[in-house]
Every structure is written in structure tokens, then in C-alpha cells.
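Asker: Need coordinates for the below:
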Amino acid sequence: QVQLVESGGGLVQAGGSLRLSCAASGRTFRRYAMGWFRQAPGKDREFVAVIGWSGDNTYGDSVKGRFTISRDNAKNTVSLQMASLKPEDTAVYYCAARYGSSRLTVEYDYWGQGTQVTVSS
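Answerer: The predicted structure is shown next:
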């Protein structure tokens with residue numbers, strides 16, 4: 001069992017930066033791939049980024065080049081550094097965990113409660 005808690009959301013102006021963090025419980029954190037997803041009002045949950053146990057990463061097309069995912073296995077945390085933010089990045093951001101990297105929401109076993117990111121124009 002893994003419990004995930006996101007933090008770091010807030011209100012930021014377009015062009016600004018924000019760093020999200022996700023703290024995970026459990027001794028097997030290093031074995032999990034950790035993903036970030038987001039969901040805007042009225043839209044489906046969207047893949048943002050994933051980082052595998054070895055540090056390999058993949059990004060969604062809409063955030064590639066602007067967002068950076070990283071993990072610290074010693075601290076059981078995964079982070080999402082977001083730069084050049086746009087109003088369309090406004091959403092609730094969730095971290096999730098599973099064995100093996102995936103872009104698919106349905107394949108993740110554990111989810112955090114989400115943190116709101118609002119980008120003003």
C-alpha cells in the first residue's frame with residue numbers, strides 16, 4: 001500500500017514557475033514509477049509526466065520542454081518543476097504510483113488527493 005500527498009499548488013501568473021511535490025509512504029517507493037496527471041474542469045484526466053524507478057522519464061506533449069519531473073528515493077518524494085506556465089495549465093494536479101511507467105490513467109494503482117494549480121493571464 002502506498003499513500004501519496006501532493007503539495008505546492010497555488011496561484012501564479014502566466015509565464016511564472018511553480019514546483020509541486022508528492023510525498024509517498026512505504027518502504028518500496030523506489031520500485032514504483034511515479035506519474036503526474038492533471039484534470040481541468042469538464043475535462044478528462046490528462047497525462048503530464050512519469051519517472052521510472054531508474055530515473056527515465058516521459059512527458060506529455062503539452063508540457064514537454066516546460067516541465068521537469070524528478071525523484072528523490074531517499075526522501076520518498078517526486079517533484080514536478082513547472083516553468084513558463086500558461087492559463088491552460090490550470091488544473092488539479094495528481095501524483096500517482098504503479099509498477100512500471102505508463103501514460104495511462106487507468107493503469108495507476110495509487111493516487112494522491114490532488115493540488116490545485118491556477119495560472120492567471
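Asker: Could you check the pLDDT of the residue most central in space within the chain?
Answerer: In the chain, the centroid-proximal residue (C-alpha atoms, centre = their mean) is residue 36; its distance is 2.4 Å. Residue 36 is assigned a predicted lDDT (pLDDT) of 98.
Asker: That one pairs with what?
Answerer: residue 49, residue 95 (DSSP bridges).
Asker: Correct me if wrong: it contacts residue 68.
Answerer: No. Look at residue 36 against residue 68 with C-beta atoms under 8 Å: they stay out of range, at 10.7 Å. For the C-beta atoms, the positions are set from N, CA and C on the backbone; glycine is no exception.
Asker: got any residues that touch both of those two?
Answerer: Taking C-beta atoms under 8 Å, 6 or more residues apart in numbering as the criterion, residue 36 and residue 68 both touch residue 80.
Asker: tell me the contacts of residue 26?
Answerer: Per C-beta under 8 Å, 6+ apart, neighbours of residue 26: 1-3, 76.
Asker: Kindly recompute the last result at 7 Å.
Answerer: Neighbouring residues of residue 26 by C-beta atoms under 7 Å, 6 or more residues apart in numbering: 1-2.
Asker: And for residue 39?
Answerer: Residue 39 sits next to 45-46, 91-92 when contact means C-beta under 7 Å, 6+ apart.
Asker: Filter these down to just the ones in helices.
Answerer: The members of these all map outside helices under DSSP state H.
Asker: hmm, which two among the residues you listed are most spread apart?
Answerer: Greatest spacing in the contacts of residue 39, by C-beta to C-beta: 46 and 92 (10.8 Å).
Asker: Now the common contact residues for the two.
Answerer: 38-39.
Asker: sorry, back to before: go ahead and confirm the residue nearest to the centre of the chain touches residue 93.
Answerer: Yes. Using C-beta atoms under 7 Å, residue 36 is in contact with residue 93, at 6.2 Å.
Asker: Find residues that contact each of the two.
Answerer: Residues touching both residue 36 and residue 93 (C-beta under 7 Å, 6+ apart): there are none.
Asker: for stretch 18-32, how far is the first residue from the last?
Answerer: Separation of the first and last residues of stretch 18-32 by C-alpha to C-alpha, to the nearest Å is 24 Å.
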